[in-house]
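[1] Sequence first, then the predicted structure, then my questions.
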Amino acid sequence: PAYLGRTVLEYCLIRPSGAFPAALAVGAGVIFAELPGIVPVGRGALAEWFAFHLTHTDFQWPYWSHWEKYASYDPADSRRVFLTTVLCRCAELAGIDRVAETLPPDSPLRSLLPSPDSGGDGAEMNDGTADTLLKSYLLVESNGGNLASIAREMRERVIGREHPTSLLSWLCGDDASYASPPHDEVSESVPTPAWRVTAGLHAVLGAVPGSDLTGCADALERYAPVLAGASACDAAAVIRSTLMNEEDEDAPPAARILVETALLDEVTLAFGGSERMVQVVSERLVEHGVVSPENAIRWALGENGQDEGNENLSKLPHKHYIMQLVIFCVERATNALADLAVRDDAGAAVPMSDGAEAPAAPPAPADSPEFAAALEELASLVLLPASRAAEVLASYTDGDVFPGGGRKVTPTIVALQEGALEVVLRCHAAVAGGALAGAGDDVAERVSGAVGGRAAAAALREGASGDVVGPAVAAALERIARRFEFRITF
């Protein structure tokens, strides 16, 4: 898609008709009209392309007035979601003021632009300025709570480039002055079980001037060991405070789910005005091992280790970054498997200290323990969205799945179904012609059996086994399962 968008852009720039030739303008209009019939992943990709094209053609789109009425539609409406995504992405690329200048002065579409004060509910955030994407309730001087004091002191240490090892010892060491949780900070916006890593996140990102994307990514890379260590300390504290049996093998994973999903909730709160920053920061936390890919997917699909879950399921149809995080986690696992199965330098000589040469490590065979572990991790990530779709469907009544007795399922079910299908399709592409294309038939056969359409269909059916579901729910489950079986063939 990126290459196609760039090709279209270059073609338009050399045309005398300008940024939007008649054919492209008509095509964009047709696509917009057909958005209700396009799956969420496809709508998100189209919005990304349109924003990219607008930004690189000086926003020469003369037809905003044709779409103004959709600004007042339901926030989950596909056309309003598309417009919101386009305008927010343009604002991230070119600035809110620049995008606002391109819209008519009285255009209702201006209401869809991100607000500089998003995320604060009117409260003072950071140091009272609006030139940063990070909206931190912990870093503002008027917050006199213990947790805010910890975050502000830690930010000063980060600004001073304190070494990560020393900083982690200060935050989590046995002799740390903050060894006990700051109980006066208990509130809905501060997940107490994750207080150390919450303070660390605000401190590290708050030390970046303007919270620019590159600066945040660099800061997260440097201080990832601090955040990972703080998360581990918080998880251990969860086990102790909830009287979990430390010898129980299920206790550590359950505690990590609670802490890591709380951390991702905090990212969403801190960058409420920028979906792009939420996506990038969340991906960097996964990349640097602060959050596990499995817990990131659980969080994206509405789980948080507690019965009530989070709001991401309801956001799934109109928040592009949520499913993009799932895809990012799966693609990382696919690439890790490909690194084992296909090595470009296999057989190439490696220089040694004595001047001799040793052969490079050969690809891991499909029956090796190393390959088996990587494949098991990939399969668990790929099949998790299918299992989650079954779990959510099984919790619905027939009327919830088909509102009003009609035949059209809810947007959440569509988003879950198509998101899970997209994940499996991407793995199929990796096996058939992508990262694993040169790995050999034995590797392709094992991967396809683990993450192919039949495996996903089985996970979908198993996810609702034992539950009493209505006939409409059962029919919806079976229809989705068959889509996996017949749509995806290896």
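    Structure's in. What do you need?

[2] Helices of the stretch 51-200 of the chain, residue ranges please.
    Taking DSSP state H, counting those that start in this stretch as the test, the helices found in the stretch 51-200 of the chain are 78-94, 96-102, 146-159, 164-172, 195-206.

[3] And the contacts of the third one?
    Under the contact criterion Cβ atoms under 8 Å, 6 or more residues apart in numbering, helix 146-159 has outside partners 136-141, 167, 170-171, 178, 182, 184-185, 190, 195, 198-200, 202-204, 206-207, 219, 223. C-beta here means a position set from N, CA and C on the backbone, and glycine is covered the same way.

[4] how big is the angle separating that helix from helix 195-206?
    Calculated by axes from the mean of the first three to the mean of the last three Cα atoms, to 10 degrees, helix 146-159 forms an angle of 50 degrees with helix 195-206.

[5] Tell me how far helix 146-159 lies from the chain's centre.
    Its chain's C-alpha centre lies 27 Å from the corresponding centre of helix 146-159 when counted by Cα atoms, centre = their mean, to the nearest Å.

[6] What residues of it count as buried?
    146, 147, 148, 149, 150, 151, 152, 154, 155, 157, 158 (16 or more other Cβ atoms under 10 Å).

[7] Closest to residue 320 out of those residues?
    When these are compared for distance to residue 320 (Cβ to Cβ), residue 151 comes out closest, at 29.5 Å.

[8] thinking again about what came up before, list only buried entries from the contacts of helix 146-159.
    Taking 16+ other Cβ under 10 Å as the criterion, what is buried in the contacts of helix 146-159 is 136-140, 167, 170-171, 178, 182, 185, 190, 195, 198-200, 202-204, 206-207, 219, 223.

[9] Ok, which of the helices of the stretch 51-200 of the chain comes nearest residue 388?
    Of all those, it is helix 78-94 that lies closest to residue 388, at 21.4 Å by Cβ to Cβ.

[10] how close does residue 196 get to residue 170?
    Computed as Cβ to Cβ, to the nearest Å, the residue 196 to residue 170 distance reads 11 Å.

[11] do the same with residue 220
    Taking Cβ to Cβ as the criterion, residue 220 is separated from residue 170 by 19 Å.

[12] do the same with residue 98
    42 Å.

[13] follow-up on the earlier one: using TSV, please lay out the helices of the stretch 51-200 of the chain together with mean pLDDT.
    TSV is the format used below for the helices of the stretch 51-200 of the chain (pLDDT from 0 to 100):
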stretch	mean pLDDT
helix 78-94	85
helix 96-102	84
helix 146-159	89
helix 164-172	89
helix 195-206	91
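
[14] so can I have TSV of those helices showing distance to residue 258?
    Written out in TSV, the entries for the helices of the stretch 51-200 of the chain read as follows (distance: least, Cβ to Cβ, whole Å):
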stretch	distance to residue 258
helix 78-94	30
helix 96-102	36
helix 146-159	18
helix 164-172	17
helix 195-206	11
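
[15] Which among these is found nearest to residue 13?
    Using Cβ to Cβ, the nearest of the helices of the stretch 51-200 of the chain to residue 13 is helix 78-94, at 17.0 Å.

[16] for that closest one, packing partners?
    Using 3 or more Cβ pairs under 8 Å, 6 or more residues apart in numbering; DSSP states H and E as the contact criterion, the secondary-structure elements in contact with helix 78-94 are helix 40-55, helix 96-102, helix 275-287.

[17] May I see the buried residues of stretch 64-81?
    Buried residues in stretch 64-81, counted by 16+ other Cβ under 10 Å: 64, 67, 68, 70, 71, 76, 77, 78, 79, 80, 81.

[18] Show me the two of these that sit farthest apart.
    Maximum pairwise distance among these (Cβ to Cβ): 21.6 Å, between 64 and 76.

[19] can you give me the offset of the longest helix belonging to the chain from its chain's centre?
    Scanning the chain for the longest helix, with DSSP state H as the assignment, gives helix 213-241. Averaging C-alpha coordinates over helix 213-241 and over its chain gives two centres that are 18 Å apart (Cα atoms, centre = their mean).
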